[in-house]
Each structure stands twice: as C-alpha cells, then as structure tokens.
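>>> Let me see the structure of the following:
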Amino acid sequence: MESEQGVVAISEHMPTTVEEISSSWLTDQLRTSGLITNGEVSAISHSQVGQGVGLMCLLHQLEIDYEGSEVQAPRSLIAKTAVSDLATREMARTFKFYENEVNFYRTAANISPMRTPRCIAVEHDKATDDFILILEDLSDCSTYSQVDGCPPEIAKTAIAALAKHHAAFWETSLFGSQLEWVPKGWEPPIPQSIQEGVRGGLDNFINGFRDHLDEHIISLCSRFPDVATELVDFSGRPLTFVHGDFHVGNLFFTDDEVIAFDWQFPLHTVGAYDLGYFISQNLTVEDRRECEEDLIGIYHDSLVRNGIEYRREQLLEDYERVLLICLMPQILAGGGMELANDEAKKLVIERLNRVTSAIHDHGAGSWMP
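A predicted model of the protein is given here:
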C-alpha cells in the first residue's frame, strides 16, 4: 500500500498497526458496538493525522466503505496505536500511558458525565504494550489553538464540564475497586521521573529561555530537583479523577458539549490540578487576569451544586500550589525534549510566560517546600 493512504492488509488477530486493521476485524467491532447490523466493511483507507502533535502514539483517520445497506454506519473513524520508536515505547510503558488510556475507556469513560469520544474498539497486550483504540471521528467539531490562547467564553464551558467530571469521582470508593489502576500523582515512578527529568534539563532550559525568566523564577526552578516529590504530594486533601493533561488542544467543542480526549496521563489527585493546569497555560496573560476569578468561581460553584464540600479557601491553596507545579512541564519541554520546530518552541514560550505571570500574580512561590 502507499505510505500515506491505501487499503490495509488483512489480519485477524488484534491489530497493532493501522496497516493490520482488516475489514473483517473492523466489521466485528462495529457489530459489537451496535453501529452496523447486516452490512460489512468492504474497504478501508487511512491517512495519518496530528503529525508532530501526539508523539506518544500514532493517529490515523480511517475512511470506510461498506457492502449492504448501512445508512447510519460511520464513514470515518480514528485509529490510535503505539509508536515504533523504542525510547518512546519505553517511556510509555514506564508511565503506563497506553494501559491507562485503555483502562479509561473500559471503566471511567462510562462513569464520567463529561463526553468523551465514543470507543468502538479497545484492546491492549500487556506483554508487548501494543494497543489499539478505534474512536469516533470528531474532526467536524470546533477546536482551538493553545498557542493563540483559549477564548474566555470557551474556557468557561470547558471548566464547567471539568467540574462536573471531578464531582462524579470526588472521594469515590471506586478508587478501591474498578478505578484502582489510576495512579496517585505522588506514587512512583511519576514524581521520581519528573524530578530526574527536571534535574537533567534544568541548565538547558535556563540557558535556552533566559530571556523569559527572571531571577525569582530561576530560583524556584533550581529548587525543583530537591523538592519535586514533596511538592506534588497532595495526600490528605480531597481527591478525584483528573485528566492530567487538560488543555484546549485535547478538547473538541460542539454547540452544547465539551468532548475530552487523550486520557493517557490520568491521576488520582486534587481537582485543582486540572483547573490550575488549564487556566495557567491555556489563556493569554490578559485574558487570565480578567476572567480567572470567574473561572475559579464557576468550578467551585459547580462542585457545591453537586454536593461537594470543598472550601473555596482550600481550593485556592491547592490551585496556587498547582501553579508552581506547572513550571516543571515547561522545564521538561524546554530543557529535556527536542523541540520539533519553531511552532513547538513558540508554544513552550507562550506557556512559560503565562505560567510565570500566574505565579507572580498569586505569589505562588510561597508554596515551595
């Protein structure tokens, strides 16, 4: 077949690459999901999407032809599979990125009130860490650029949906049963790996982005290698199911819904993690300063309406601590990873400027252990 698009090869076992997705296998998955009844998939073509974006996995859009009268059958779907790069695969296995996302669609997706892409097929081989997800194609929905900044009204919609999701999992006993796979943010290997990455990339980060750093921020960054594991430990706080990478680039929007995808890094930690992560990195500095209080209020009010007891003062404490934590991903991205192009560097700079301004505005450095 051609490198970018063509008819996939036939394979009856679990497909581990898009080329292995057979018409018969996809027919079985669609019938099990109730999306087709008597018809059959006759041909599949595919093209890669999101190049240079979702580097932890591969995304392909499937274009599907059918035999038989299946008027409501999906004509396009999204296939998500593992990458072939060995270093990336090792990182994915260490943090259980693939296994976590598979577990999400098997469990939490059925509980959350926040819409997620409909999952047609989900399989994972624990021995090899190969996986495949066949998901609803949402390319007709609205999307927004993290570089440009999320419009405030869209941010309000996203935060309202996030709060309902968090409320559904707030201190739930399910974390002791079907959600026991969700890692706490301070359990190995997460904080240790972050600490190691920050230590290894700190000098490169400071040298490469010094024009965007003041002495206070540099001083805070220099402390992370010694305190990262303590800083991310929220034990004793009320915990919920957080997305872990809740940014506008991982969201689709319809007229009345927010649809969240890319659930590879879920955490069992404070809800303020998603809230602070989103607000500090996705709005321009000007927009954040204008609507931050409203966004925090939308989140807190929604929790209260859903029966959650969480003092606003406690939320603000957790939120400010998360602002400080949000400096670490900037060090990892700017100092330890190969930035693919100018757009990637621009994104790091935008996020860095937004996070550091939020830290200054809130005096969040006072939460440094």
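>>> any low-confidence regions in the protein?
In the predicted model of the chain, residues 1-12, 51-54, 336-341 satisfy pLDDT under 70.
>>> Would you point out which residue is most central in it?
What sits nearest the mean C-alpha location of the chain, by C-alpha atoms, centre = their mean, is D245, with 3.5 Å.
>>> Quickly note the distance from that residue to R351.
For D245, the distance to R351 equals 12 Å [C-beta to C-beta, to the nearest Å]. In short, each C-beta sits where N, CA and C put it, glycine included.
>>> shared neighbours of those two, anything?
By C-beta atoms under 8 Å, 6 or more residues apart in numbering, D245 and R351 have no common neighbours.
>>> follow-up on the earlier one: identify the residue spatially nearest to the residue nearest to the centre of the chain, adjacent ones excluded.
Nearest residue to D245 in three dimensions, chain neighbours excluded: F265, at 5.1 Å (C-beta to C-beta, 6 or more residues apart in numbering).
>>> What are the contacting residues of stretch 316-326?
By C-beta under 8 Å, 6+ apart, the residues outside stretch 316-326 that reach it are 220, 231-232, 234, 237, 270-273, 275-277, 280-281, 296, 355, 358-359, 362-368.
>>> what about Q195, how many residues close to it?
20 (other C-beta atoms under 10 Å).
>>> Give the other helices and strands that the one helix or strand it maps to contacts.
Using DSSP states H and E, Q195 sits in helix 190-208. Counting contacts by 3 or more C-beta pairs under 8 Å, 6 or more residues apart in numbering; DSSP states H and E, helix 190-208 packs against helix 86-95, helix 215-231, helix 327-335.
>>> most tightly surrounded among these?
helix 327-335 (a mean of 22; mean count of other C-beta atoms under 10 Å).
>>> Just the CA trace of stretch 246-255, in CSV.
Output in CSV follows, covering the C-alpha atoms of stretch 246-255 (Å, rounded to 0.1, in the frame of the first residue of the first chain):
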residue,chain,number,x,y,z
PHE,A,246,-6.3,19.1,30.4
HIS,A,247,-5.5,21.7,27.8
VAL,A,248,-7.6,23.2,24.9
GLY,A,249,-5.6,21.1,22.4
ASN,A,250,-7.1,18.0,23.9
LEU,A,251,-10.7,19.2,23.7
PHE,A,252,-13.4,19.3,21.0
PHE,A,253,-16.4,21.6,21.2
THR,A,254,-19.9,21.4,19.8
ASP,A,255,-22.7,23.9,20.4
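>>> ok, residues contacting that stretch?
With C-beta under 8 Å, 6+ apart, stretch 246-255 has contacts from 53, 138, 141-146, 150, 154-155, 157-158, 162, 243, 258-262, 274, 277-278, 281-282.
>>> Can you say which of the residues you listed are buried?
Neighbour counting by 16 or more other C-beta atoms under 10 Å classes 138, 144, 146, 150, 154-155, 157-158, 162, 243, 258-262, 274, 277-278, 281-282 among those as buried.
>>> Filter those residues down to just the ones in strands.
Judged by DSSP state E, the buried ones among the contacts of stretch 246-255 include V258, I259, A260 as members of strands.
>>> okay, now the closest residue in space to the first one that isn't next to it in sequence: neighbour count?
In space, V258 comes closest to A161 once its chain neighbours are excluded; the distance is 3.9 Å by C-beta to C-beta, 6+ apart. Counted with other C-beta under 10 Å, the neighbours of A161 add up to 21.
>>> right, and A161 touches D256 too?
No. Counting by C-beta atoms under 8 Å, A161 sits too far from D256 to count as a contact (10.5 Å).
>>> Mind jotting down where the strands sit in this protein?
40-49, 57-67, 76-82, 119-124, 131-136, 240-242, 251-253, 258-260, 267-269.
>>> What distance do you get for the nearest residue to A358 once chain neighbours are set aside to T356?
Counting by C-beta to C-beta, 6+ apart, S280 is the residue found nearest to A358 once chain neighbours are left out, at 4.4 Å. Separation of S280 from T356 (C-beta to C-beta): 9 Å.
>>> before we move on, what about Q72?
From Q72 to T356 the distance is 50 Å (C-beta to C-beta).
>>> Between the two, tell me which one has more neighbours.
T356 (24 against 7).
>>> correct me, but the more buried one touches I217?
Yes. Assessed by C-beta under 8 Å, T356 is found in contact with I217 at 5.1 Å.
>>> shared neighbours of those two, anything?
Common contact partners of T356 and I217 (C-beta under 8 Å, 6+ apart): L327.
>>> Pull the residues that contact stretch 184-195.
So stretch 184-195 is contacted by 94-95, 183, 224-225, 228-229, 232-235, 239, 267-269, 273, 328, 332 (C-beta under 8 Å, 6+ apart).
>>> Skipping adjacent residues, who's closest to the residue in the chain sticking out farthest from the centre in space?
Centroid-distance maximum for the chain: G68 at 37.9 Å, with C-alpha atoms, centre = their mean. Closest residue in space to G68, ignoring its immediate chain neighbours: G39 at 3.1 Å, by C-beta to C-beta, 6+ apart.
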